[in-house]
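Student: When you get a sec, could you give me coordinates for this:
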Amino acid sequence: MGDSTTKRPRITTLARRRIAPGTTDLVESSIWGNTTSVVRTFHHSSYPVERLAVERSATVSVVVPTRECATTIGPIAATLMDLVRRGAVDQVLIVDADSTDGTARAAAAEGAPVVSERRLLAQYGPVRGKGDAMWRALSACTGDVVCFLDGDSGHFGEHFVTGTLGPLLLEPDVAFVKAFFRRPFRTLRDESPEGGGRVTELTARPLLRRFWPELADVRQPLAGEMAARRELLWRLPFSVGYAVETALLLDVYREVGAAEVAQVDLDVRQNAHKPLAELAPMADEVLAAVMVRLEREGRLQDAGTPGPVERPPMGDVLAAAA
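Tutor: As a prediction, the model looks like this:
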């Protein structure tokens, strides 16, 4: 039997609903269902390269954080540089974690600019994970809009870029875009059409349904494919590790409201599956980021566990250095 005097985290069961920037109310959340989501959904086919090249008015930076991605980064880099030549993208930046498998060479061979993550904002010490690399990359981005992509995607197509950017560049009142997709689950013997997003379905989405019902329809909160206006990203802190995607989604929601969040269907995305032993720490990081934000909103008391390391808003960093 547990000690009845042990303090446990106390979490309120109401989720904060963001109606518009600067306006909130409270709605009941449900573990099993949701009727309050206002996140708009688009399909990548609405945003071909030719349309972005002609209709966009904002400049675009594309950032790809990489670690040991030599088998996949070549086609990704080639596609991105082709999009630059065709006028859909202005800047490409491969941010590599000093990979030992030739990732940087493979990207550079396709003409893509490559920088070691540790050379960006070196005064902040050793790079502490994917989120830290993404945060440091912001200091080198010149585009009005920043698009982040994963470097380990197999069967990469240009629609990964144009689809993720499209709603942000061409639709009204969109400040942040998340991609979603079907992830087949492959084993040595067969392949299932679904089942590749285990941390997503068992950790991230249940937490959204429970505490942020307006985001419950976000299909892939952990997707590395996302885009946002640079000035918005500059206002937000960045979790340094694998919780960065969840943390950014929740911080964007708090900053601008669900009505300015969109998601885009990229159809199918394939990458290597991690063993269960590697997924558990990722789930821990996602949960820690959620607990920190619940605490900031006054909905979690006495959590008793340290939050994830976060970097300060890039706007504050660059302003201090000016």
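Student: Could you check stretch 99-118 and say which residues are buried?
Tutor: Within stretch 99-118, the residues that count as buried by 16 or more other C-beta atoms under 10 Å are 99, 102-104, 106-108, 110, 112, 114-115, 117-118. To be clear about C-beta, it is placed using only N, CA and C from the backbone, and glycine gets the same treatment.
Student: So what touches it?
Tutor: 64-71, 73-74, 76-78, 80-81, 92-98, 126-127, 132-133, 136-137, 140, 151 (C-beta atoms under 8 Å, 6 or more residues apart in numbering).
Student: Where strands are concerned, which of these count?
Tutor: Residues of the contacts of stretch 99-118 located in strands (DSSP state E): 64, 65, 66, 92, 93, 94, 95, 96.
Student: Make a markdown table from the buried residues of stretch 99-118 and add pLDDT to it.
Tutor: What follows is the buried residues of stretch 99-118, written out as a markdown table (pLDDT from 0 to 100):
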| residue | pLDDT |
| --- | --- |
| 99 | 98 |
| 102 | 98 |
| 103 | 98 |
| 104 | 98 |
| 106 | 98 |
| 107 | 98 |
| 108 | 98 |
| 110 | 98 |
| 112 | 98 |
| 114 | 98 |
| 115 | 98 |
| 117 | 98 |
| 118 | 97 |
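Student: Just the buried ones from the contacts of stretch 99-118?
Tutor: 64-70, 73-74, 76-78, 80-81, 92-97, 127, 132-133, 136-137, 140, 151.
Student: Please name the residues that touch the residue lying closest to residue 144 once chain neighbours are set aside.
Tutor: Nearest residue to residue 144, sequence neighbours excluded (C-beta to C-beta, 6 or more residues apart in numbering): residue 58, at 4.0 Å. Counting by C-beta under 8 Å, 6+ apart, residue 58 touches 143, 144, 145, 168, 169, 229.
Student: coming back round to it: quick check, nearest of the ones in strands among the contacts of stretch 99-118 to residue 295?
Tutor: residue 65 (27.6 Å; C-beta to C-beta).
Student: got a list of what the closest one touches?
Tutor: 95, 96, 97, 117, 130, 133, 134, 137, 148, 150, 151.
Student: helix/strand/coil for residue 100?
Tutor: coil (DSSP: H, G, I helix; E, B strand; the rest coil).
Student: mind checking the backbone torsions on it?
Tutor: phi -100, psi 0 (degrees, to the nearest 10).
Student: What's the separation between it and residue 131?
Tutor: The spacing between residue 100 and residue 131, counted by C-beta to C-beta, to the nearest Å, is 22 Å.
Student: Quick check: residue 253 touching residue 212?
Tutor: Yes - if you go by C-beta atoms under 8 Å, residue 253 and residue 212 touch, sitting 6.6 Å apart.
Student: These two - which one has more neighbours?
Tutor: residue 212 (28 against 23; other C-beta atoms under 10 Å).
Student: All the helices of the stretch 1-150 of the chain, residue numbers only.
Tutor: With helices called from DSSP state H, counting those that start in this stretch, the stretch 1-150 of the chain shows them at 49-55, 70-85, 103-108, 130-138.
Student: now the ones you listed in JSON lines, with distance to residue 282?
Tutor: JSON lines is the format used below for those (distance: least, C-beta to C-beta, whole Å):
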{"stretch": "helix 49-55", "distance to residue 282": "32"}
{"stretch": "helix 70-85", "distance to residue 282": "19"}
{"stretch": "helix 103-108", "distance to residue 282": "21"}
{"stretch": "helix 130-138", "distance to residue 282": "10"}
